[in-house]
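Undergrad: the sequence and its predicted three-dimensional model are supplied below.
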Amino acid sequence: MCPLSAALLPLHERLIHLSAYRSRIPQSVTNGKTTPAEYESDFFHLYGDTSPVVSCGPDIQSHYETLDAPPNSDFYANTEVCGRRKRFRPSLYQLYAKPEDDPQPPMYQETTPDGMEGESSEDEEQKEPLPEPTRFGWVHGVMIRCMLNIWGVILYLRLPWITAQAGIGLTWVIILLSSCITGITGLSTSAIATNGKVKGGGTYFLISRSLGPELGGSIGLIFAFANAVAVAMHTVGFAETVVDLMHENGAVMVNRINDIRIIGVITVTCLLGISMAGMAWESKAQVLFFLVIMVSFTSYIVGTIIPASPQKQAKGFFSYKADIFAKNFVPDWRGQEGSFFGMFSIFFPSATGILAGANISGDLKDPTVAIPRGTLMAIFWTTLSYLIISATIGSCVVRDASGLLNDTLSSSSSNKNCVGIACQYGWDFTDCINNDTCIFGISNYYQSMSMVSAFAPLITAGIFGATLSSALACLVSAPKVFQCLCKDKLYPLIGFFGKGYGKNDEALRSYLLAFIIAVCFILIAELNTIAPIISNFFLCSYCLINFSCFHASITNSPGWRPSFRFYNKWLSLLCAVCCLVIMFLLTWWAALIAFGVVLLLLGYTLYKRPAVNWGSSVQASSYNIALNQCISLNQVEDHVKNYRPQCLVLTGPPSSRPALVDLVSCFTKNLSLMMCGHVVTVSNDLSALVQSESHISWLKQRKVKSFYKHVVAADLRSGVNMLLQGSGLGRMRPNVLLMGFKTDWHSASPQAAHSYIGILQDAFDLQYGVCVLRTRERLDVSHPYQYDFNNTPILFAAAVPNDPEAQLSRPTLFQKKQGKKTIDVYWLSDDGGLTLLLPYLLTRRKRWAKCKVRVFVGGDNSKNDERRQEVMTLIKKFRLGFHDVEVLPDLFQKPQPGNIHQFEKMMSSFKLDTNPKTESDSGSSRAQEEPWWITDQDLERNRAKSFRQIRLNEILQDYSREATLIVITMPVGRRGVCPSILYLAWLELLSRDLSSPVLLVRGNQENVLTFYCQ
């Protein structure tokens, strides 16, 4: 039987104890007398709901029992349903384990509920369902809300003026360009919103769950801030209208600017009261505003058809005229903002309300249906309304008019000196045009729609409805987004604002924060100044939404399955690039500020690494990149110039041997692969298996870049063999095995020592380099060794230390700065250069950089200088930077008699006593069956090598007492010639009684250093 099968067989026979985790079927079921109530409550309540899924006979121990459950949504849900217990899927071990197995936690199991036995407590009371919060459909919750937010202050107060500046043609280009951006963004939003259940948080939720917390968090803050500023923009638009009405009636409080500030602050305070009253009140107010706006549109369209009165003609309105349309079709730039992108920056915020519905995703009945349908319908209808209003206002009203009834063109006056298209209709506005004093016309009068309307107060009511509804929508959106961001705890000091109140979890604290921000910007009191500020923030949000859709699509993650199919990843990318370009074309300094804030927040999140896992497309992309790079490495042949020591470290739980972890990390960090291996034997506590995440967390907190891998095996050697053969992926696999020295080998059983040496031999068989670390202090800092049934110590299956935090904070000798000490390298045998490479890698680390490397080699007294020069030349070719080489001429001298006597005494307890006359055959047979025993022939055959290790230890004590680390070429014992106990004694003799850490190194006899450039 192969070792792997031998390792796995006891696992199946001895380990799986499942009876404590099986659902206990009620006695009425097992006896064939099914009681429906008990059956439902005790079993199907956990695993199913309707169809019978259990087959069992009178004797439950002798009949096959299946716990298979039919598909159920509870198995995939993260939350419980109020009013009933959540169903749980049976684990794999519950399905196939033996019924008679003794209770013991399974090695691997899916999340199971408390009380898995299926016996419901009679006194257990069901939780009272919480009151159902207010939920909205796609029309009421998304379409109307988005249309109201899009139909804002720009529609009534700036669209006629933009038409006068850019002309009807370019105004349509501005509208359609804005609609293309918002439309494609709407498609991307729809795709993201339909790729799983959407909760509260709106735009932030969509971006963060798609791109991850790094970009999601930064754009969440920016988008919440942009919505708070948008509250100020719409409120200032409302205040402007009120102030104009006051001035027309001679009412002035202070002056125009201060009047706008006063009215704006009062208005936003009233809106705050409505929003804090709850979503129900806010929703009713939005419906009222929508009806008012529709009535105002009707009044406007009717007004354009009604023949113009003299009073309206004096203000520039002449009803539909082809000449006026032709004149207003071309641009007429005026003022500092007179440019295409100047007009675009002022208009674009009016198209940014498309996310108003998504921002209240937590208050929608079905966000995956409501967001796509409502958002796209809102974009269509509002775009159509903008095009109609710009075309009709540009066909009816001239750019300049005086408003004076006396400025008619008399029959006696000449038309030659008359300036403007109004001359054709009997009006002479030449004086005000030439003097630039015209106060009416679409270039000068912001209230042109009121003037055109059949009933001007309805347009005023429409302005009030549009501005207030948009301000109210933004005032609701900003806190909702910010609350979700606060609850995720990505940034410090903002958690205070995440607390919710009431059945709708209203973010009252976030409402107050948005109110304060809005008031600060209301004090600017200038609409044309506020609008460009938020344009860049909204464009930045749209850019990331489109990029999120593109990135999720391009990664080809199986988890990207949006039910909304009408999107294109390349269109999303194009729109993202367009948003980025337009940001800089509009206001380059504002774009730099926006990206500066994003990068600052991104850097903070990358540094802090919040403990969240949302399955983002960035994770999927990382997997794709890693997979492609690993596959591409398979096509690249190994080259000695690119050799890296990729280390498999037998640490057990990493926190139990921190010194070993720290040393290996010194020469693998940011350079090569490190993998901590943990062998769990069948006699050990299997609870260690479920703690792998804690081990990874320990490595992360210690800033060690390493993988962690555990295996279950019948014994230590089999488990290490699994790690040696199965660790890694493609070229990314270990090539060096590192382990601690077995200090208790002389007191442990010979089988354990033989198994330890067998691990080294297995590594050599698999062409691994091998390193063994021995320190004066004990490597295992957890607790004493555990023993299996044969009283054999388990070296690498130690449990987790009782206090991992203490182990984390306790520095090891390899974490300290080494200062100006020496690293002594005893390069006694050529193993391919690994003995030299590892010290060189150590000196590249800051804490080892000041250490001096001394290289010791063997030689004869007569050729010391020649040998030193030869080694120096070789090291210089390797470009290692080692300049101190010493030759050991006394390496082959006979060791001291006292040390030889200690060696013989050490071996005496492991010698196989045989009588050469009568027991030679039996002794040989026993040596084959138990290869750890040592015969006199073995000692005599290996005497020279044994003496050499004793002598080398004497040299180490003479030359390297003050070294910070000793690196020695590890001797190799020939299999079948050198018994395992004798070889282990060599390692003991070589490294004992030294105050410095000793690293025994043996490469796989293949070059890891070269002095060639190709």
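TA: Received the coordinates, thanks.
Undergrad: tell me the contacts of Ser385?
TA: The contact partners of Ser385, taken as CB atoms under 8 Å, 6 or more residues apart in numbering, are Trp151, Leu155, Phe297. In this view, the C-beta of every residue, glycine as well, is placed from N, C-alpha and C.
Undergrad: what about the first one, how many neighbours?
TA: Residue crowding around Trp151 was assessed by other CB atoms under 10 Å; the count is 29.
Undergrad: and it, how far from Ile262?
TA: To Ile262, Trp151 is 26 Å away according to CB to CB, to the nearest Å.
Undergrad: distance between stretch 299-318 and the chain's centre?
TA: The chain centre lies 59 Å from the centre of stretch 299-318; the measure is CA atoms, centre = their mean, to the nearest Å.
Undergrad: next: stretch 620-631.
TA: Relative to its chain's centre, stretch 620-631 lies at 16 Å (CA atoms, centre = their mean).
Undergrad: swap in stretch 379-399?
TA: With CA atoms, centre = their mean, you get 45 Å for stretch 379-399.
Undergrad: state the mean pLDDT of it.
TA: In this model, stretch 379-399 has a mean pLDDT of 92.
Undergrad: also stretch 538-557?
TA: 85.
Undergrad: what residues sit buried inside it?
TA: 538-555, 557 (16 or more other CB atoms under 10 Å).
Undergrad: ok, stretch 823-839 next?
TA: For stretch 823-839, the neighbour count (16+ other CB under 10 Å) marks 823-829, 831-839 as buried.
Undergrad: need the contacts of Ser385 in JSON lines (columns: distance to Ala224 and pLDDT).
TA: Formatted as JSON lines, the contacts of Ser385 follow (distance: CB to CB, whole Å; pLDDT from 0 to 100):
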{"residue": "Trp151", "distance to Ala224": "22", "pLDDT": "83"}
{"residue": "Leu155", "distance to Ala224": "24", "pLDDT": "83"}
{"residue": "Phe297", "distance to Ala224": "31", "pLDDT": "91"}
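Undergrad: so which of the residues you listed comes closest to Ala763?
TA: Taking CB to CB as the measure, Ala763 lies nearest Trp151 of the contacts of Ser385, at 73.9 Å.
Undergrad: phi, psi of that closest one?
TA: Per-residue torsions, Trp151: phi -80, psi 70 (degrees, to the nearest 10).
Undergrad: what helix or strand is the nearest residue to it once chain neighbours are set aside on?
TA: Once flanking residues are discounted, Trp151 sits nearest to Ala466: 4.8 Å by CB to CB, 6 or more residues apart in numbering. In the assignment (DSSP states H and E), Ala466 maps to helix 456-488.
Undergrad: that helix packs against which elements?
TA: helix 144-150, helix 153-157, helix 202-211, helix 213-248, helix 256-276, helix 279-305, helix 448-452, helix 508-522 (3 or more CB pairs under 8 Å, 6 or more residues apart in numbering; DSSP states H and E).
Undergrad: how far does that helix sit from its chain's centre?
TA: 32 Å.
Undergrad: what residues sit buried inside it?
TA: Neighbour-count burial for helix 456-488 flags 458-488 (criterion: 16+ other CB under 10 Å).
Undergrad: quick one: end-to-end distance for stretch 886-906.
TA: 32 Å (CA to CA, to the nearest Å).
Undergrad: residues making contact with that stretch?
TA: Here stretch 886-906 makes contact (CB under 8 Å, 6+ apart) with 746, 828, 854-861, 864, 867-868, 871, 946-948, 950-955, 959, 985, 988-989.
Undergrad: rerun at 6 Å
TA: Under the contact criterion CB atoms under 6 Å, 6 or more residues apart in numbering, stretch 886-906 has outside partners Phe856, Val857, Gly858, Gly859, Asn861, Asn864, Arg867, Arg868, Phe947, Ile950, Arg951, Ala985.
Undergrad: now that stretch: average pLDDT?
TA: Regarding stretch 886-906, the rounded mean pLDDT is 86.
Undergrad: report the buried residues of that stretch.
TA: Glu886, Val887, Leu888, Leu891, Pro895, Asn899, Ile900, Phe903.
Undergrad: could you look up the SS state of Met377?
TA: Assigned by DSSP: H, G, I helix; E, B strand; the rest coil, the conformation of Met377 is helix.
Undergrad: for it, give me its contacts.
TA: Neighbouring residues of Met377 by CB under 6 Å, 6+ apart: Met143.
Undergrad: any idea how far Leu159 is from it?
TA: Using CB to CB, we find Met377 at a distance of 21 Å from Leu159.
Undergrad: likewise Arg845?
TA: Counting by CB to CB, the gap from Arg845 to Leu159 is 65 Å.
Undergrad: repeat for Lys894
TA: Here the criterion is CB to CB. By it, Lys894 lies 104 Å from Leu159.
Undergrad: what's stretch 225-240 in contact with?
TA: Outside stretch 225-240, the residues that touch it by CB under 6 Å, 6+ apart are 152-153, 157, 260, 263-264, 267-268, 467-468, 470-471, 474-475, 477-478, 514, 517-518, 521-522, 527, 530-531, 534, 537-538.
Undergrad: domain-wise, how is the protein divided?
TA: Annotated domains of the chain cover 145-401+438-608, 643-779+811-820, 834-910+931-996 [the TED database].
Undergrad: quick one: closest of those domains to Asn1007.
TA: domain 643-779+811-820 (8.0 Å).
Undergrad: and the average pLDDT for the closest one is what?
TA: Average pLDDT, domain 643-779+811-820: 87.
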